[in-house]
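# This is a predicted model, with the sequence first.
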Amino acid sequence: MIETHVSEALAASERIAACFGVEAARALAIRPIREAKLSVVHLDHSYDDGEHPVFLPPDDAFLVMLYLVDVDHSDIWPDRPPAPFKRYPRGSICLISLKDGAAISIRGRFEVLAFHIPSSHFDELAKDAGEPRVDDLATCRGVDDQVIRNIGGALMPMFDMPEEVRDTLLPHIGLALNAHLAHRYGRSPAQRLLASGQLSPMQEKRIKTYIAANLSENIPVDKIADATGFSSDELRSGFFDTTGQSVLEWISACRMKKAQSQLSRTGETIAQVAETCGFADENTFVETFTKAVGVTPGEWRSRNRH
């Protein structure tokens, strides 16, 4: 049975709020699968008296911050000068590991949704939900992640919902968040091909899922290999021997399939579809699409609009 237990994660929520100097922060706690608990904290504060250092202690967990306003902060390092202040735009995210702790300096307005995610969540995803194993998440700062932005938008009203309503929805949102993080940012342990030179079904799933989750970005083979635990050469040979297609052919096919879906189901412009599907620009998209399908994206949309 999937349950949520707000009281069980209060300690993690209160620790995070205290680190940022925020009193009485609103918090949610979710148990998406089994035992591991995920905390979501709404932090809203103005640091108007200059720079404010924040020190997060070592923890076997990850922290994702979804910026709800434009935020200025810099990284603080133990062995070198602080990084210059950088503005992180509203709607972007920061994802870091807390394994060795972390420190930043903040100034001005600060409003975020902070997701505290113990590493044990990803063990449960692998054991109980059949997801590929993930050993680590890639660190990122200021990344535009529409999925997490949408999850944050869905969570904000839940702070004020009655528990009986909220508790039926939170586990599913928590599971979606963890699966997305694993698919898009997860790094698998070192992998080996089968004796046949092919991928196992789980390895194939992990690679294809990672490609699908990162389709809007530039995803060279070495980046896919690094995330899924292979050397670049093993990934290329294993993927081809398993699917009959090269990795780049598979990516192209995925982009084309997604483009057709976007064209038929959304009102996005051709340029927006090109960006969403990972094409370099609109002209490249039109040229590639026309060559593959035989008509321009605009013509294909007019014939296939749902």
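Perfect, thanks for sending it.

# For residue 137, which non-adjacent residue is closest in space?
residue 185 (4.4 Å; CB to CB, 6 or more residues apart in numbering). Where C-beta positions appear, they are placed from N, C-alpha and C, glycine not excepted.

# That neighbour - how many residues pack around it?
23 (other CB atoms under 10 Å).

# Could I get the contacting residues of it?
Counting by CB atoms under 8 Å, 6 or more residues apart in numbering, residue 185 makes contact with 95, 137, 138, 140.

# same thing with residue 209?
132, 183.

# Apply 6 Å and report the result again.
Residue 209 sits next to residue 183 when contact means CB atoms under 6 Å, 6 or more residues apart in numbering.

# Contacts made by stretch 242-257 with the rest, please.
By CB under 6 Å, 6+ apart, stretch 242-257 touches 198, 199, 204, 211, 215, 221, 239, 240, 277, 278, 292.

# Look up how far residue 134 lies from the residue positioned nearest the centre of the chain.
Relative to the mean C-alpha position of the chain, the nearest C-alpha, by CA atoms, centre = their mean, is the one of residue 181, at 4.0 Å. When distance is defined by CB to CB, to the nearest Å, residue 181 is 8 Å away from residue 134.

# Reformat the contacts of stretch 242-257 as TSV; add pLDDT and distance to residue 158.
Below are the contacts of stretch 242-257 laid out as TSV (pLDDT from 0 to 100; distance: CB to CB, whole Å):
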residue	pLDDT	distance to residue 158
198	97	44
199	97	39
204	96	36
211	95	32
215	93	29
221	96	40
239	98	41
240	98	46
277	94	32
278	93	32
292	92	43
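
# Show me which of these are buried.
Using 16 or more other CB atoms under 10 Å as the burial test, the contacts of stretch 242-257 include 198, 199, 204, 211, 215, 221, 239, 240, 277, 278 as buried.

# For my notes, please list the contacts of residue 185 in JSON lines and give neighbour count and pLDDT for each entry.
Output for the contacts of residue 185, formatted as JSON lines (neighbours: other CB atoms under 10 Å; pLDDT from 0 to 100):
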{"residue": "95", "neighbour count": "22", "pLDDT": "97"}
{"residue": "137", "neighbour count": "21", "pLDDT": "96"}
{"residue": "138", "neighbour count": "15", "pLDDT": "93"}
{"residue": "140", "neighbour count": "15", "pLDDT": "93"}
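
# Just these: which are in strands?
95, 137, 140 (DSSP state E).

# Quickly name whichever of those residues is closest to residue 152.
Residue 152 has its nearest neighbour among these in residue 95, at 13.4 Å by CB to CB.

# Residue 148 versus the closest one, what's the distance?
From residue 95 over to residue 148 (counting by CB to CB), the distance is 9 Å.

# same check, this time on residue 22
Residue 22 is 21 Å from residue 148, by CB to CB.
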